[in-house]
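**Student:** show me how the following folds:
(chains A and B)
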Number of protein chains: 2
Amino acid sequence: MNSQPIGVFDSGVGGLSVLRHLVRILPDEEYIYLGDTARVPYGNKSEETIVEYTEQAVRFLLHKGAKLIVIACNTASALALYQAEAMSPVPIIGMIIPASRAAVQATQNGKIGVIGTRATMKSNAYPLTIQEISEPRTMIVFSNACPLFVPLAEEGFHHHPASELIAAEYLAGFHTAGVDTLVLGCTHYPLLATLIAHELPGVQLIDCGEYAAFEAERILSHERTDRVSQAESAPRIDFYLTDTTTTFLEIAERFLGFSVSLPERVSLEHYDYTSASHYE
Amino acid sequence: MNSQPIGVFDSGVGGLSVLRHLVRILPDEEYIYLGDTARVPYGNKSEETIVEYTEQAVRFLLHKGAKLIVIACNTASALALYQAEAMSPVPIIGMIIPASRAAVQATQNGKIGVIGTRATMKSNAYPLTIQEISEPRTMIVFSNACPLFVPLAEEGFHHHPASELIAAEYLAGFHTAGVDTLVLGCTHYPLLATLIAHELPGVQLIDCGEYAAFEAERILSHERTDRVSQAESAPRIDFYLTDTTTTFLEIAERFLGFSVSLPERVSLEHYDYTSASHYE
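**Tutor:** Down below sits the predicted model:
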C-alpha cells in the first residue's frame, strides 16, 4: 500500500460526510482534509471564482503529497473537475460521476431527481453526466436548487418544523414528477436525509460521498470491506482549514463519530500557479 | 463639498441596506461600494480572519480615494473597527456605535434586545457599547444570534411560514425579557423587519444603517435633509465586488430602488500591508 495520503477537499465542513465514508471503506489509509472555511460557501459563487479556489486547493493537496484527491464538494466538482484533472498528476475523484452512475443503476422508472446548490444546478453537470452514463437508455432528470438546506443542516435544524416546511416546498416537484431516485447533490444533505425521506417516501436517496468512496477504493485497488477497520486506533487524518472556528472540532466529531486532531490554519493564496515547481 | 467618494464596505450585499440610507440622507455625495462577495458571509468566521479581510477592504477603499469609510457590516464593525481606525487617515464609521446610541435614546424601560450574527454576538460589542454610552444609567441588554436570518432574507423568504417559525424561536426570549427596543444588528435584518415586528409587537426596531448614515452626515457637516434628492440623476455609485454573480444587479435594485452600474470584479489580497505606499 502506497503510504501517501488521500487528499480530501471541500469548501467547508460538508466534505466530512464524504470523509466518513472514505474512512469506513478505506480504514487503513491516511488522509489530509482541506476545508476552505474562510471562503465557504461556494454554492452561490461564480464559476470563475469556484475554479480559481478549487485549483488553489488541488495545488495545496498535491504539495502535501496526496496520491489521490477527492473533491468532496459537489459545487467544485460540477464546475472545476476538468480544470483540476488537467493540472493534477494524480487521479481526481469528483462527486458527480460516481453519484450519477449510482442513480442510473438505482432507478427503475428512469426518472431521477437531483438537488444541490444553485451553482451546481445551474451547471447542469448532473443531467449531462446522467445522460452520458445511461446511453442509449434515456433518463428524465428533474433538478431543483435547495440553497436553504445547507444553513439549516449547519444550524442543526434537522428535524425542525421550519425545515419540514422548506423541504416540502423544495421537494414537491419531485413528488409530482414521480421520481424513484433522488441524488443528494450536496455533501450537507445527508444530514437532512430523514427529513427528505419523509417528504418523498419510497424514493431511493443517493449519498454521493458513499459512491465517491467506492470509486476511491476501485482506483486504489483495495478489496471492498464492510467489516470494522483493522486499524487499532482512529484513522490518521490531518486537518487543514483556511479559517479555524471554535465549532469545527464539535462538528467534525458529529460527522465522523470519533475525536479528531486540531486543525491547522493555512492560506491557499500562497499555493498559486507559480508554486507548481514544489511538486513537479 | 469635498468631491472624493464615501467608501462603503460590506462582506456582501447586506450593506446595500446601509447605502440606501446614505443615498437618501446624503444624495449629492459620490459613493464606492465594496462587497466581499467571494468570501461572504463573515458571520461565522474567526476574529483573526474578519480583521484580516476588513483591513484589506479598508486599504482598497483608501486606495480608491475614499474621504470617509462606512463599515456597513455589523460583524466587521464588531471585530475590526479599532484595527480599521488605526490604519486609516480618514474617519471610519461602524455600525455598532450609532445603533447603540439610538437604542439608548429610544428605550423607555432600559431593556434593549440585540440580534446579529454569531460572531457579532460573541464579541459582546453591543452590550459593551450600549453600557458605555448609557452611563451612569444602567441598561439591561439581551442578545441572541439569529444565523438563519441572513440566508432566509437572501432567499426571499421574508414572509414565509418557515421564517415565522424560526423568528418565533429566535425572538421568544426578548418577549419574555420585556425589551422595548431591539437593535437589528445585521444589515440583512431590515429586510425581515415586518416579520420581526409581528413577533415583537410594540417593540421599537433600530435599523443600524439609518443611524450610521446620520453619523456620516454629522461628520461631513451637511445639514440633515429629508427632502427628495436635488441630484438630477441617480447618485453616482461605483460597485466593486470580489465575486460577480448574475443575481447582484437584481438584488442591488431591490435594495436601492434604482438601477445600478455593472460591478467591477476586484481581488483584495493585492491591497495588503505592503501596498500602503499607494495612498500614504
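**Student:** what about stretch A:206-214, average pLDDT?
**Tutor:** Averaged across stretch A:206-214, pLDDT comes to 97.
**Student:** I'd like to know which elements the helix or strand that contains A:A153 is packed against.
**Tutor:** A:A153 is part of helix A:149-154, with elements assigned from DSSP states H and E. If contacts are counted by 3 or more CB pairs under 8 Å, 6 or more residues apart in numbering or on different chains; DSSP states H and E, helix A:149-154 sits against helix A:161-177, helix B:149-154. Where C-beta positions appear, they are placed from N, C-alpha and C, glycine not excepted.
**Student:** C-alpha coordinates for that helix, CSV please?
**Tutor:** C-alpha atoms of helix A:149-154 as CSV (Å, rounded to 0.1, in the frame of the first residue of the first chain):
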residue,chain,number,x,y,z
PHE,A,149,-30.7,23.2,3.2
VAL,A,150,-27.0,24.0,3.9
PRO,A,151,-27.6,26.6,6.6
LEU,A,152,-30.5,24.5,8.1
ALA,A,153,-28.1,21.5,8.3
GLU,A,154,-25.3,23.5,9.8
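**Student:** give me the contacts around that helix.
**Tutor:** A:13-14, A:41, A:43, A:115, A:117, A:158, A:160, A:162-163, A:166-167, A:170, A:186, A:188-189, A:191-192, A:251, B:147-148, B:150-151 (CB atoms under 8 Å, 6 or more residues apart in numbering or on different chains).
**Student:** out of these, which are buried?
**Tutor:** A:13-14, A:41, A:43, A:115, A:117, A:160, A:162-163, A:166-167, A:170, A:186, A:188-189, A:191-192, A:251, B:147-148, B:150-151 (16 or more other CB atoms under 10 Å in any protein chain shown).
**Student:** distance check, A:T49 against chain B.
**Tutor:** Applying CB to the nearest CB, to the nearest Å, the value for A:T49 to chain B is 5 Å.
**Student:** kindly report the same for A:T107.
**Tutor:** 30 Å.
**Student:** A:G178: what's it in contact with?
**Tutor:** So A:G178 contacts A:N109, A:K111 (CB under 8 Å, 6+ apart).
**Student:** mind listing the strands for the stretch 51-200 of chain A?
**Tutor:** For the stretch 51-200 of chain A, applying DSSP state E, counting those that start in this stretch gives strands covering A:68-71, A:92-93, A:111-116, A:140-145, A:181-185.
**Student:** other SSEs contacting the third one?
**Tutor:** So the one you mean is strand A:111-116. Packed next to strand A:111-116, using 3+ CB pairs under 8 Å, 6+ apart, are helix A:74-87, helix A:96-106, helix A:125-134, strand A:140-145, helix A:161-177, strand A:181-185.
**Student:** can you rerun that using 7 Å?
**Tutor:** strand A:140-145, helix A:161-177, strand A:181-185 (3 or more CB pairs under 7 Å, 6 or more residues apart in numbering or on different chains; DSSP states H and E).
**Student:** highest mean neighbour count out of these?
**Tutor:** strand A:181-185 (a mean of 27; mean count of other CB atoms under 10 Å in any protein chain shown).
**Student:** so which elements touch it?
**Tutor:** Partner elements for strand A:181-185 (3+ CB pairs under 7 Å, 6+ apart): helix A:96-106, strand A:111-116, strand A:204-207, helix A:208-219.
**Student:** and those, which is most packed in?
**Tutor:** When you average the neighbours per residue for each of the helices and strands packed on strand A:181-185 (mean count of other CB under 10 Å), strand A:111-116 leads with a mean of 28.
**Student:** ok, that one: who's next to it in the sheet?
**Tutor:** Take DSSP bridges as the rule and strand A:111-116 pairs in its sheet with strand A:140-145 (parallel), strand A:181-185 (parallel).
**Student:** what angle separates it from helix A:161-177?
**Tutor:** 150 degrees (axes from the mean of the first three to the mean of the last three CA atoms, to 10 degrees).
**Student:** now strand A:111-116: average pLDDT?
**Tutor:** Mean predicted confidence for strand A:111-116 is 98.
**Student:** over to stretch A:240-248?
**Tutor:** 87.
**Student:** now the end-to-end length of it.
**Tutor:** End-to-end distance of stretch A:240-248: 11 Å, with CA to CA, to the nearest Å as the criterion.
**Student:** now do the contacts for A:S46.
**Tutor:** By CB atoms under 7 Å, 6 or more residues apart in numbering or on different chains, the contact list for A:S46 reads B:D243, B:T244, B:T245.
**Student:** A:E164 now?
**Tutor:** A:E164 neighbours (CB under 7 Å, 6+ apart): A:L195.
**Student:** any low-confidence regions in the stretch 101-250 of chain A?
**Tutor:** Scanning the stretch 101-250 of chain A with the threshold set as pLDDT under 70 gives A:222-233.
**Student:** and stretch A:85-96, what's buried?
**Tutor:** So for stretch A:85-96, counting by 16+ other CB under 10 Å, buried means A:E85, A:S88, A:V90, A:I92, A:I93, A:G94, A:M95, A:I96.
**Student:** in this structure the third one contacts A:I69, no?
**Tutor:** The one in question is A:V90. Yes: using CB atoms under 7 Å, A:V90 is in contact with A:I69, at 6.2 Å.
**Student:** who in chain A is up against chain B?
**Tutor:** Contact residues, chain A versus chain B (CB under 7 Å from any CB of the partner chain): A:38-39, A:44-46, A:49, A:147-148, A:151, A:155, A:161-162, A:165-166, A:243-245, A:269.
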